[in-house]
Every structure is written in C-alpha cells, then in structure tokens.
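**Student:** Fold the following and give me the result.
(one chain, ligands or ions: 2)
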Amino acid sequence: MELTAARVLGIETSCDETAAAVVESGRVILSSLVASQVDLHAQFGGIFPEVASRQHVRTIHPIVTAALQEAHLDLREVEAIAVTRGPGLPGSLVVGMNTAKGLALGSGLPLIGVNHLEAHIYSAWLQGDEMEPAPVPEFPLLALIVSGGHTELVLMTDHLQYQRLGATLDDAAGEAFDKVGRLLGLPYPGGPAIQRVSETGDPQAFDFPRAWLEETWNFSFSGLKTAVLREVRRLEGRVQALPVSHLAASFQAAVVEVLVGKTLRAAQTFKAKQILVAGGVSANRALRKAFQEQSPVKVHIPPVWLCTDNAAMIAAAGYFRYLHGQQDGLEMDVLPNWPLSEV
Ligand code: KG4
Ligand code: ZN
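**Tutor:** Ligands and ions are numbered 1, 2, ... in the order given. The predicted structure is shown next:
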C-alpha cells in the first residue's frame, strides 16, 4: 500500500451532524456528506442529546454508503477508517464509534480514533473546491478553534503536537452567538443569524465589554452575554422596536475584537510562523475579514463549508495519525471529555 496516497473513510457523529467522507492523502476530498439535524433541534432552540443520538442511528448507514458511492469506491478500496472519539455528546459519539468498529471488524481495515478539535485544525489541510490547492500550513502554528462547544488557543509545533495555551472559562464563542441569538429573537443557530442581521447594523452602536483577561490566554464571553441581556431588558420597555441589527453587530464586533486580538498577540509571543482559525465560528465573515486585514503573518481559514462539522476533517486528521503510525484497536471507547492537551 502506498501510504502517501492512502484513502481514509471518516465518520463524524459528535454533536448534531451525521457525516461521512472519503479523503485521499489527507487533503483531497473524494466525497463529503453531512446530514444536519439543525431543523430537528431548532424547535427546542438548542440540541436535545437524546433526539440527536436517535437521529444519528437513523442516518449513519445511509450516509456512509452514499459517501463511498460518491467516491466510486468499495470499502475494500480505502486504507483506513477514522472516527470521532471525542469530545462530544456521549450518546452521539457511540453511534459513530460502533458503526466504525463494525466496518473495521467486517473489512479488517485499521481503525483510528480522532479528537474532534484536532480534526477542526486539520480541516485547514483540506483542499476545498478552489482551482488552486490551498497552501499547506507551516509550523510552528498558532491555532484558534472556535466552535459551539470550544474556544481554544493551541500552539502546534508539528503534526499531532498540541500545546493548549488557553480556553474559554465559561461560554464557548459559538455558544455565546447562539445564546445572544436567542435573546434577540433570532432563529437557531444564532451564529449565522447574527452575521446576517449584523450586515445592516452599526458595530459601534453599543459599547459592549471586552474581557481581555490579561496575563492569560483564556477567554470569557458570559459577561458580554449578560451585557447584551441587560441592554435588551432596558430597551424592551420602549415604544420603538428592539434595534436587533445594532445589538447583533455590536455583540459580533466585541467577540471578533477579542478573538483576533488575543490570537495575534499569542502568535507574536510564541513566534508562530502562521495562524490557523477553525471551527464553526470561523465561518463568520467579520472574523475572517478582521484576521485577514490585521495579521502580519499568513492566516489559514478553511472554506466556509468546511468550518462547521463535517467528516472530511475527521478523515484528514485520521490520515495524519495513520501516517505517524497511530492506530487504535476494536476495544477503543469514546472519550466525551477528551481535551486536546491529552491527545
Ligand atoms: O464546529 P461546529 O459546527 O460544531 C461544534 O463542534 O460545536 O460549530 C457550531 C457553532 C454554532 O454555535 C454556530 O452558531 C456557530 O458555530 N457558527 C457561527 C457561524 N456559522 C456557524 N458563528 C458565527 N458566525 C457564523 N457565520
Ligand atoms: Zn465541531
């Protein structure tokens, strides 16, 4: 087998997306399918774990079959199976894990457990649908992972080498977007909705607090969320309609300023050659623009469709683990609270 051209089947079920993909050489996407449960959870205004795992059970086999079909491959023609081991919802992770184990057992293919956060990082290695392949990130790399469940600053000195510098002390960035979205009466998930309404809003209309947490690489977004709540309560008593677009734009500006400011400072302090931004919130247009405009070093941000949860990133991370001789046995279990520092 030619390891460098290895094709990896990736499976992702850590949260509310059932996804399967086939990726070659850790970069080339042969297929990537995502069955989102967003509409299902929207009625609850957030993710309902029991509903999520039941939906994964219904969707996982058709989606794996379709991913192989779309790549024009039989399971025997891939070299390894990668699956999200954690962090994530236990009942959701188990569905992907058991599926991957069943496929590995039946085919004899190697099985590789992947950390969901490292997979978000490896989404920057994937070639999107651009004509020119995106440049390969170079180490030392300062990675900011901003998703619905996590906000982490990570120094990556080489493949699979992660030094966690800091993280959120309360809400994750995406969680703050989702909660503020709900406060403003916007549909779930709040991130894309806030981005949309912010386009007609003034980011300086409200002076919301920025939690810099000096001397640390940590983040905090709960004070900002409370400040928005207080402002909403104050304005609700008035005759005029709530200035949703101004509130959203001012909130978004506060989040972007802190994320970009701390990441650039960390990159300078740790002499990182390049910056990488990944996770659902990295789809945010204002965040992408601020990084591209303000960073003195190259910033890698995956194309928007690879920022949110997908299985191509799981296959990519699995490929690099496999390339570095890592493999897991069928006794592998899910790790719902698996920090990147313990990978
Ligand atoms: O990475 P992801 O798909 O799932 C997790 O691993 O959590 O991230 C989902 C999060 C949600 O909180 C969602 O509101 C946020 O990413 N998000 C955005 C945008 N698109 C998705 N936040 C801000 N702006 C966006 N355009
Ligand atoms: Zn994610």
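**Student:** if I pick the residue of the stretch 51-200 of the chain found nearest ligand 2, what's in contact with it?
**Tutor:** Closest approach between the stretch 51-200 of the chain and ligand 2, counting by CB to the ion: Ser147, at 4.2 Å. Just so you know, the C-beta spots here come from the backbone N, C-alpha and C atoms, and that holds for glycine as well. By CB atoms under 8 Å, 6 or more residues apart in numbering, the residues touching Ser147 are His120, Ala172, Ala173, Gly174, Gly279, Gly280, Val281, Asp309.
**Student:** count of neighbours near Gly329?
**Tutor:** Counted with other CB atoms under 10 Å, the neighbours of Gly329 add up to 10.
**Student:** which residue packs closest to it, ignoring adjacent ones?
**Tutor:** Distance criterion CB to CB, 6 or more residues apart in numbering; nearest residue to Gly329, sequence neighbours excluded, is Leu111 at 7.3 Å.
**Student:** Over to Pro339?
**Tutor:** Arg164 (6.9 Å).
**Student:** From the contact counts, what lies against whichever strand or helix holds His246?
**Tutor:** Using DSSP states H and E, His246 falls within helix 244-269. The contact analysis (3 or more CB pairs under 8 Å, 6 or more residues apart in numbering; DSSP states H and E) places helix 244-269 against strand 141-146, strand 151-158, strand 161-167, helix 173-183, helix 190-198, helix 222-236, strand 274-278, helix 285-294.
**Student:** Extract the C-alpha trace of the shortest one and format it as PDB.
**Tutor:** What it means is strand 274-278. The C-alpha coordinates for strand 274-278 follow below in PDB (Å, rounded to 0.1, in the frame of the first residue of the first chain):
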ATOM      1  CA  GLN A 274       1.400  31.200  10.700                       C
ATOM      2  CA  ILE A 275      -2.100  31.300  12.200                       C
ATOM      3  CA  LEU A 276      -4.900  28.800  11.700                       C
ATOM      4  CA  VAL A 277      -8.600  29.500  12.500                       C
ATOM      5  CA  ALA A 278     -11.100  26.700  12.500                       C
END
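**Student:** What about Ile47, how many residues nearby?
**Tutor:** By the criterion of other CB under 10 Å, Ile47 has 20 neighbours.
**Student:** I meant to write Ala311 there.
**Tutor:** 35.
**Student:** Show me which positions of the helix holding His246 end up buried.
**Tutor:** 244-260, 262-264, 266-267 (16 or more other CB atoms under 10 Å).
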